[in-house]
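Colleague: okay, predicted coordinates and the sequence, questions at the end:
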Amino acid sequence: MYSNRNEVGEQAAESLLATATTLLESPLTPLSDDAVVELTRQVERGMRMLAAVQHRLAVEISERSIPSRAGVKTLKRFLMQTLRLSSGDAGSRVNLVDWVGTRHDTAGECVDPPLLYTAKALAAGEISIDHVRGVVAVMNRVPRTTAAEDREAAEQVLAEFARSGSPDDIAKIGDRILTHLDPDGRLTDDHDRARMRGIILGRQRPDGMSPIRGEITPTLRALLDPILAKYARPGVCNPDDPASPAVDPDHVDPDRLAAAAARDHRSAAQRTHDALLALVQSGVISTELGTHRGMSVTTVLTMNLADVEQLSGVATTATGGTLPIREALRLAEKSQPFLAVFDHAGLPLHLGRTRRLATRTQRLALIAALHGCSRPGCDAPASLCAVHHVLDYRKGGRTDLSNLTLACDPCHALVHDGPGGWKTVPRTRSSRYPGRTAWIAPTHIDPTGTPQVNHRHHASELLAQALTHLHQRNERNERSREQHHQRPPTPDSHPPPTSTAA
Ligand SMILES: [Zn+2]
């Protein structure tokens, strides 16, 4: 009996190693380019699935208490010794097992891991270990008081995101989700923020430089971001370049501005510094700031009606920031931000213009509806985007809101008819994301050519969707439990769990 069971493991290991040997030794030259790319894809998938197999084995080793019987205190140390792993590697694996490993209760029944959706995606080979680490890092920061359902929804959204996005981006989408889970900062309240605020100009050093550090409130951030978007961009306010346009780049020839940007080798930190310097020097303060990409240099606030009524949730800014609703309303009272209030998803306006350039209202509507670049995975905020015709203007595309979208300059340049070019298609009213623009990746990125929309700027929408599904599932479970209780119990309806003898 035992030897039969062992044979299963031995056979699996044998064929796994045989496959690896084949892959190492077979010549790759006869394969077509497509076949090489496809093989690379499948090998990656296999490695991801094997990572889930490692978790499964680690759980088994732990539940059988194999380490303690071998005289080793912890699973981590056992893995270090048995597999010659580094301390960091072993520690990271054991940590991940706690989040995505399926354990068993005393009756031998499977217990779902804390990150069920992530675990499933890894086991299907759809996401990598780095994706899992990203999800774990975000879920670690979810406040403990968060409702179980919200927590589950957040994990579902992150796992879904990981399926199509890069691990590098999970932290960013995580920040959005955390802001929505804890919009008024239950952990950090207004009081804390007021206490923490401050900008410290340190003592000037003998070389003439002064250190600066501090923390700013969401309000100052929301006001500062649009100013920096204009004056700290490459080519503007560059003291090293006498031909660089200074405080009033609006009346400068765009070609001259582009040339100045190409000559600009300053770091982002240096550009921020120079922008503040130029503003202070010129004496130009808020009301005289002119325009940036056709909009006044001002804060654009987008919020939704339900949030305003309940005084909860967050407003988003065109520069990609978030602001608790209460603070956003306070800001709106004092200054004059563009305020877009939405009562539902979708585009608020339809303007049948046929001019090539989008109007300010159209741009404002796009900012409010899209929040940023529409290419899947791109996190460029609206302030870095240009208005893009979904169907090219030269091919008869109209300057209608339904044919306009936001794209940052690097993404805009990806759209072309040549090899490796991306395509954009509008989503119709009846689609799942009406009014949004879907992008079709070139075949080396997505062989299926499936149109995808960008979820980066819409974490709250995904969360709401996940929550709705969870509610529906819970209601269904509730109903089936009730029906179950109404039936007269039969003797064999609840078989007692049989423990498997060792
Ligand atoms: Zn982009």
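Modeller: Sure, I can see it. Numbering: from 1, shown residues only.

Colleague: the ion contacts on the stretch 351-500 of the chain?
Modeller: Residues of the stretch 351-500 of the chain that fall close to the ion, judged by C-beta under 5 Å from the ion: C373, R375, C378, A380, C408, C411. Heads up, the C-betas are built off the backbone N, CA and C, glycines and all.

Colleague: report how many residues lie close to L24.
Modeller: Applying other C-beta atoms under 10 Å, we find 7 residues neighbouring L24.

Colleague: how about the strands in this protein?
Modeller: 103-104, 110-111, 198-201, 212-215, 291-292, 295-296, 300-304, 314-317, 322-324, 338-342, 385-389, 404-408, 423-426, 437-440 (DSSP state E).

Colleague: nearest to Q362, of those?
Modeller: strand 404-408 (6.1 Å; C-beta to C-beta).

Colleague: the closest one to strand 385-389, inter-axis angle?
Modeller: On the basis of axes from the mean of the first three to the mean of the last three C-alpha atoms, to 10 degrees, strand 404-408 is oriented at 140 degrees to strand 385-389.

Colleague: strand 404-408 packs against which elements?
Modeller: Judged by 3 or more C-beta pairs under 8 Å, 6 or more residues apart in numbering; DSSP states H and E, the packing partners of strand 404-408 are helix 360-370, strand 385-389.

Colleague: okay, buried residues for the longest one please.
Modeller: Pointing back at helix 360-370 there. For helix 360-370, burial by neighbour count (16 or more other C-beta atoms under 10 Å) applies to Q362, R363, L364, A365, L366, I367, A368, A369, L370.

Colleague: a markdown table for the residues of the stretch 351-500 of the chain next to the ion, including pLDDT?
Modeller: Listed next are those as a markdown table, based on pLDDT from 0 to 100:
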| residue | pLDDT |
| --- | --- |
| C373 | 92 |
| R375 | 92 |
| C378 | 87 |
| A380 | 87 |
| C408 | 90 |
| C411 | 91 |
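
Colleague: any idea how this structure splits into domains?
Modeller: Following automatic domain parsing, the chain resolves into domains at 32-181, 215-296, 300-342, 350-475.

Colleague: out of the ones you listed, which comes closest to A194?
Modeller: domain 215-296 (7.6 Å).

Colleague: tell me the average confidence for the closest one?
Modeller: The pLDDT scores in domain 215-296 average 77.

Colleague: ok, stretch 130-146 next?
Modeller: pLDDT averaged over stretch 130-146 gives 86.

Colleague: once you drop chain neighbours, what's closest to whatever residue of the stretch 1-150 of the chain ends up closest to the ion?
Modeller: Scanning the stretch 1-150 of the chain for the residue nearest the ion gives G134, at 20.2 Å (criterion: C-beta to the ion). In this structure, G134 finds its nearest non-sequential neighbour in I170, 3.2 Å apart by C-beta to C-beta, 6 or more residues apart in numbering.

Colleague: just to check, the one you found is in contact with L158?
Modeller: Yes: using C-beta atoms under 8 Å, I170 makes contact with L158 at a distance of 6.3 Å.

Colleague: and these two? Which one has more around it.
Modeller: The neighbour count for I170 versus L158, taken as other C-beta under 10 Å, is higher for L158 (28 against 25).

Colleague: how near is the closest residue to the ion within the stretch 51-200 of the chain to P447?
Modeller: Closest to the ion within the stretch 51-200 of the chain is D169: 12.1 Å, counting by C-beta to the ion. Computed with C-beta to C-beta, to the nearest Å, the distance linking D169 and P447 is 22 Å.

Colleague: pull out the buried residues from stretch 100-108.
Modeller: V100, G101, T102.

Colleague: now those in TSV, with pLDDT?
Modeller: Shown next, in TSV, are the buried residues of stretch 100-108 (pLDDT from 0 to 100):
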residue	pLDDT
V100	97
G101	96
T102	95
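
Colleague: quick one on the thing from earlier: ranking the strands of the chain by mean pLDDT, which is last?
Modeller: Among the strands of the chain, strand 295-296 scores lowest, at a mean of 52.

Colleague: burial check on P254, number of neighbours?
Modeller: P254 - counted by other C-beta under 10 Å - has 8 other residues nearby.

Colleague: go on, E482?
Modeller: Neighbour tally, E482, other C-beta under 10 Å: 9.

Colleague: got a pLDDT number for it?
Modeller: 77.

Colleague: the one 10 residues further on too?
Modeller: With respect to pLDDT, D492 scores 44.

Colleague: just give the number of residues close to D392.
Modeller: The burial count for D392: 14, using other C-beta under 10 Å.
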